[in-house]
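*Asks:* Quick check, what structure comes out for this input:
(2 chains)
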Amino acid sequence: MKTLIPYIAIATYLLVTLGIGLIGYRQQKNTVEDFFLANRNIGPILLFFTLASTNFSAFFFLGFAGAGYRIGISYYPMMAFGTGFAALSFYYIGYKAWLLGKQKGLITPSELIQDRLPSQPLKLLFMAVMVIFTLPYLTLQPIGAGYLLESLTGGVIPYLWGASLLTVAIVFYVFLGGMKSVALTDVLQGVLMCALMLVAVFAIAQGLGGFSVANQTVYDLKPALFSRSGLDQSFTHKTWFSYMCLWSFTLPMFPQMFMRFYSAKSPQPLKISVLLYPIVAGVLFICPVLIGVWGHIAFPDLVGKAADQIFPMMLTKYTSTGLSSLVMVGALAAFMSTMDSQLLALSSMLTRDVYTAYFRKDASLTEQTLVGRIWVIVLAGIGLGIAANPPETILAFATQAFTGLSVLFPTVIAALYGRNIRASSCLVSIVVGELAVLGVQTKVIPTSWMLGFLPVVPIVALSALIIILESVFSPTPAQQPSDNHYRPSEKNY
Amino acid sequence: MSLLHRPYFWFFSFTILFLLSLDFWRWDQGISLSLFQLPSWLFYFVVLQMGLVLAIAGVSATLWQKTEKDQ
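*Replies:* The predicted model follows:
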């Protein structure tokens, strides 16, 4: 019976998720707004959970613990405060996006950019950057799920089967119910993630003799884990500052997060989300970090990537099979809640910004919804195809994704708040920024040019400077974005 | 227009909070353990996080509300 527990836990969770997905399908109206944005009718609780679940992925479950092991307790405030601060963007970007989306029927982030700064090339480039830098992260979810299921079942469910099982389950409910199904399943997944993470930290603490005993034991072993700068001086002043900036620049630029701004029923759900975000981050994020720090007690010699396994290793050592299976279901929920949102966001952009814009301008709403569903299958297939034989560089590329997306931040701020902004300056800003990201990744640009900061700081500063200088020194005033009249076919480039 | 309804007040407030999160003045201090044998500097961030929540509640109730009414 004990050996069946992981299978029962996985099967129960997947069946419940699919059932909830079917509820979303039954409420479907088969329109574009309904499929991609749940008819812009998502209330406060649903919006908060779908934002949090979409954002807190496998990185939260596994990555935080691994970082806690490698760096120490200092990782916690960097993530908790950084994420809480980044949630402010739900106001200064999210509210304006919601308002414009409602007024003008915007569906994708790039449609907002085109509305404010009419330019087809800028719209396409903005979309392309979002798609290119989201795809690697999408692929990481089935990769992570494959390894997790293989580990949980002792190899009975092989890696590729696990990755495929997860992908098929997600495609099922996203295909059928779109954003409604995604949002409803995100509530289940969010509750599971939060509850099971708290269960995990208390259970492991109990196995170690309590929080105080565990912390004192680690401190006696390696006091540097409790230092401000972390083990081996992991953080410097400049990298700390960089991380604090990174989350604010990146979080609203995830297309799956951006589109949730459009889907709110009113400003109220956004307000509640922006308030709850730092509270939940503050309470939850310490859990996996502490588990990682405590990992030094039982597993003192893990190096590099091996530390990313510390969370399941600690669960296996200090909790029962049943409990560790349950917590791993929480990790699966984290994977799925991010991947379903990524699939839907990318599908919407490829449907509206490519198919409808260039191939079928007169496509009916039903046709657009059908194409959106087909894109969900295609993108899931691409993700699974890469996951079947993941290139070594995918993780490296994925870690650059944050910086690549951050390059879009100055353009979004300029579009929403700027005066005398030209689409051409934003185009140059994005091109130069992404070339800089590529240059840093390929070492064409030496790390020394970053002056000790993470690349995101000088690159976003450069991208912003291009837009600011052009707006200040431009001899002819740019055409101001119209707030009352939507003309998607206008070009001003 | 009251101070709480001015964008610059909130921009300044959140900038201060951000700068406080950098806390570089204490990085070279030794480690002392506090509640649950956690380092005492960690509780500075707990307080800062609470301050962030209060500031967000404040901006939602004042400036954001005013922005909605103006729209």
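
*Asks:* and chain B, which residues reach chain A?
*Replies:* In this structure, chain B approaches chain A at residues B:14, B:17-18, B:21-24, B:26-27, B:29, B:31, B:33, B:36-39, B:41-42, B:45-46, B:48-50, B:52-53, B:56-57, B:59-60, B:64, B:67-68, B:71, judged by Cβ under 8 Å from any Cβ of the partner chain. Heads up, the C-betas are built off the backbone N, CA and C, glycines and all.

*Asks:* let's see 6 Å
*Replies:* For chain B, the residues in contact with chain A (Cβ under 6 Å from any Cβ of the partner chain) are B:21, B:24, B:27, B:31, B:36-39, B:41, B:45, B:49, B:52-53, B:56-57, B:60, B:64, B:68.

*Asks:* What residues does chain A have near chain B?
*Replies:* Contacts of chain A with chain B, taken as Cβ under 6 Å from any Cβ, map to A:77, A:81, A:84, A:91, A:211-212, A:215-216, A:223, A:226-229, A:237, A:244, A:267, A:271, A:274-275, A:278-279, A:282.

*Asks:* longest helix anywhere in chain B?
*Replies:* As assigned by DSSP state H, the longest helix anywhere in chain B is helix B:40-59.

*Asks:* And that one, what's buried?
*Replies:* B:41-42, B:45-46, B:48-49, B:51-53, B:55-56, B:59 (16 or more other Cβ atoms under 10 Å in any protein chain shown).

*Asks:* Filter the residues of chain A next to chain B down to just the ones in helices.
*Replies:* The members of the residues of chain A next to chain B that map onto helices under DSSP H are A:77, A:81, A:84, A:211-212, A:215-216, A:237, A:244, A:267, A:271, A:274-275, A:278-279, A:282.

*Asks:* quick one: which two of the residues you listed are the most distant?
*Replies:* Spatial extent of these (Cβ to Cβ) is set by the pair A:Gln216 and A:Pro267 at 47.0 Å.

*Asks:* more neighbours, these two?
*Replies:* Neighbour count, other Cβ atoms under 10 Å in any protein chain shown: between A:Gln216 and A:Pro267, A:Pro267 has more, with 20 against 15.

*Asks:* In contact with that one: list those residues for me.
*Replies:* Counting by Cβ atoms under 6 Å, 6 or more residues apart in numbering or on different chains, A:Pro267 touches A:95, B:68.

*Asks:* ok, the spatially most central residue of chain B - contacts?
*Replies:* Chain B has B:Leu52 as the residue nearest its centroid, 3.4 Å off, counting by Cα atoms, centre = their mean. Shown in contact with B:Leu52 (Cβ under 6 Å, 6+ apart): A:84, A:278, B:17.

*Asks:* and A:Ile386, how many residues sit next to it?
*Replies:* 18.

*Asks:* Quick check: closest non-adjacent residue to it.
*Replies:* Leaving aside its sequence neighbours, A:Ile386 sits nearest to A:Thr139 (Cβ to Cβ, 6 or more residues apart in numbering or on different chains; 4.6 Å).

*Asks:* so the one you found makes contact with A:Ala388?
*Replies:* No. Between A:Thr139 and A:Ala388 there is no contact under Cβ atoms under 6 Å: 10.2 Å.

*Asks:* neighbour count winner among the two?
*Replies:* A count of neighbours by other Cβ under 10 Å puts A:Thr139 above the other of A:Thr139 and A:Ala388, at 25 against 14.

*Asks:* And the residue of the stretch 201-350 of chain A found nearest chain B, what's its pLDDT?
*Replies:* At 3.8 Å from chain B, A:Asn215 is the closest residue in the stretch 201-350 of chain A, using Cβ to the nearest Cβ. On pLDDT, A:Asn215 comes in at 97.

*Asks:* same thing with A:Gln479?
*Replies:* 53.

*Asks:* same thing with the one 4 residues further on?
*Replies:* You'll see A:Asp483 listed with a pLDDT of 49.

*Asks:* And the residue nearest to A:Ala195 when sequence neighbours are not counted, how close does it get to A:Gly155?
*Replies:* Once flanking residues are discounted, A:Ala195 sits nearest to A:Gly330: 7.5 Å by Cβ to Cβ, 6+ apart. Distance from A:Gly330 to A:Gly155, counting by Cβ to Cβ, to the nearest Å: 21 Å.

*Asks:* before we move on, what about A:Met253?
*Replies:* Separation of A:Met253 from A:Gly155 (Cβ to Cβ): 38 Å.

*Asks:* Over to A:Ala401?
*Replies:* Taking Cβ to Cβ, one finds A:Ala401 at 31 Å from A:Gly155.

*Asks:* and what of A:Lys265?
*Replies:* In terms of Cβ to Cβ, A:Lys265 sits 46 Å off from A:Gly155.

*Asks:* Check A:Asp362 too.
*Replies:* Counting by Cβ to Cβ, the gap from A:Asp362 to A:Gly155 is 53 Å.

*Asks:* ditto for A:Lys238
*Replies:* According to Cβ to Cβ, A:Lys238 and A:Gly155 sit 44 Å apart.

*Asks:* more crowded one of the two?
*Replies:* More crowded of A:Lys238 and A:Gly155, by other Cβ under 10 Å: A:Lys238, with 14 against 10.

*Asks:* If you tally nearby residues, what's the number for the residue lying closest to the more buried one once chain neighbours are set aside?
*Replies:* Closest residue to A:Lys238 apart from its sequence neighbours, by Cβ to Cβ, 6+ apart: A:Gly452 at 4.1 Å. Residues lying near A:Gly452 (other Cβ under 10 Å) number 13.

*Asks:* and A:Gly452, what pLDDT?
*Replies:* pLDDT at A:Gly452 comes out at 94.

*Asks:* Repeat that for the one 3 residues further on.
*Replies:* Looking at A:Pro455, its pLDDT is 95.

*Asks:* what's near enough to touch it?
*Replies:* When contacts are counted by Cβ under 6 Å, 6+ apart, A:Pro455 touches A:403, A:440.
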